[in-house]
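*Asks:* got a structure for you, letters missing:
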């Protein structure tokens, strides 16, 4: 078994910590808001560190699940953290930090002779807890190979994509499809509702047709009701959408369809939907108030 550190104990980081601990590894957690880490550590019976450098010292693997690219860069490239990491350790960024952040961290780690794996994931908290995530890994292939058994605590598949930065790029590509599909389903259901068609029947037609992607099965309860918890809030969607558009523009692509999705999400957030689930775009389109949902 290995010593594994989790940096960031939000919903995804906490779920990963739980699964890694269940797999028998010795887990240490750290979070910028210490109370969150302490609550998790108490529940799991794992170690909690007061500082990120303390958390990574002696770890075989570090899994970073921080809020965004700036937080990831600031934390992982902190000189105390770099000094505390051992030459044999492997640090993996599991969050959607963006390609620029991945490349900056990879350069900083490379200058120190340290191993960094850019490894964002596709899936949700529920996917973590059912070991069903897909990991999009890039960086030194030997490091990815060594980290794969750790990923196995919460992932069903690890796809190796090459040099660091490509994992984050692939996450943005996948996110483009997911966010566009989410808006398409919301708009289709809104139109069906205005046509007097039972939304449940309309949703059944969607899932039974050629557009019946697994996403529709996963999001069914959220689209059709207001009791299901938030899996991905629209505020978080907005962050990811901005990363996708910026990355595309830097490569000469305008992405007009996704630009419409960005406008739709921005309008929903401006009307108080920021903490609502991304599928609640449907309710925004129908002119309803944002539902009060629990957090998954």
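*Replies:* Yes, it's here. Since the model is a prediction, treat every value here as computed from it, not as a measurement.

*Asks:* next one: the residue nearest to residue 132 when sequence neighbours are not counted from residue 128, what distance?
*Replies:* Distance criterion CB to CB, 6 or more residues apart in numbering; nearest residue to residue 132, sequence neighbours excluded, is residue 156 at 4.9 Å. For every residue, glycine as well, the C-beta is placed using N, CA and C. According to CB to CB, to the nearest Å, residue 156 stands 11 Å off from residue 128.

*Asks:* more neighbours: the two, which one.
*Replies:* Each of residue 156 and residue 128 has its neighbours counted (other CB atoms under 10 Å); residue 128 has more, 24 against 14.

*Asks:* quick one on the thing from earlier: wait, a strand at the residue nearest to residue 132?
*Replies:* Yes. According to DSSP: H, G, I helix; E, B strand; the rest coil, residue 156 belongs to a strand.

*Asks:* what distance do you get for it to residue 290?
*Replies:* Counting by CB to CB - residue 156 and residue 290 are separated by 33 Å.

*Asks:* if we can go back for a sec, pLDDT score assigned to the residue nearest to residue 132?
*Replies:* Listed pLDDT for residue 156 reads 97.

*Asks:* roughly how far apart are it and residue 232?
*Replies:* Taking CB to CB, one finds residue 156 at 19 Å from residue 232.

*Asks:* which residues touch the nearest residue to residue 254 once chain neighbours are set aside?
*Replies:* Distance criterion CB to CB, 6+ apart; nearest residue to residue 254, sequence neighbours excluded, is residue 248 at 7.4 Å. By CB atoms under 8 Å, 6 or more residues apart in numbering, the residues touching residue 248 are 254-255, 258.

*Asks:* mind listing what the nearest residue in space to residue 112 that is not next to it in sequence touches?
*Replies:* Leaving aside its sequence neighbours, residue 112 sits nearest to residue 82 (CB to CB, 6+ apart; 5.4 Å). Applying CB under 8 Å, 6+ apart to residue 82 gives the contacts 108-109, 112, 114.

*Asks:* please pick the buried ones from those residues.
*Replies:* With burial judged by 16 or more other CB atoms under 10 Å, the buried subset of those is 108-109, 114.

*Asks:* turn these into TSV, columns for pLDDT, secondary structure and distance to residue 101.
*Replies:* Listed next are those as TSV, based on pLDDT from 0 to 100; DSSP: H, G, I helix; E, B strand; the rest coil; distance: CB to CB, whole Å:
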residue	pLDDT	secondary structure	distance to residue 101
108	98	helix	11
109	98	helix	12
114	98	coil	16
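
*Asks:* can I get those in CSV including distance to residue 140?
*Replies:* Converted to CSV, the buried ones among the contacts of residue 82 look like this (distance: CB to CB, whole Å):
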residue, distance to residue 140
108, 15
109, 10
114, 10
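
*Asks:* just name the closest of these to residue 135, please.
*Replies:* Using CB to CB, residue 109 is the member of the buried ones among the contacts of residue 82 that lies nearest residue 135, at 18.5 Å.

*Asks:* these two touch, right, that closest one and residue 116?
*Replies:* Yes. Using CB atoms under 8 Å, residue 109 is in contact with residue 116, at 4.0 Å.

*Asks:* residues in contact with both of the two, list them for me.
*Replies:* Residues touching both residue 109 and residue 116 (CB under 8 Å, 6+ apart): 76, 91.

*Asks:* pretty sure residue 134 sits in a strand.
*Replies:* Yes. Remark: residue 134 belongs to a strand, assigned using three-state DSSP.
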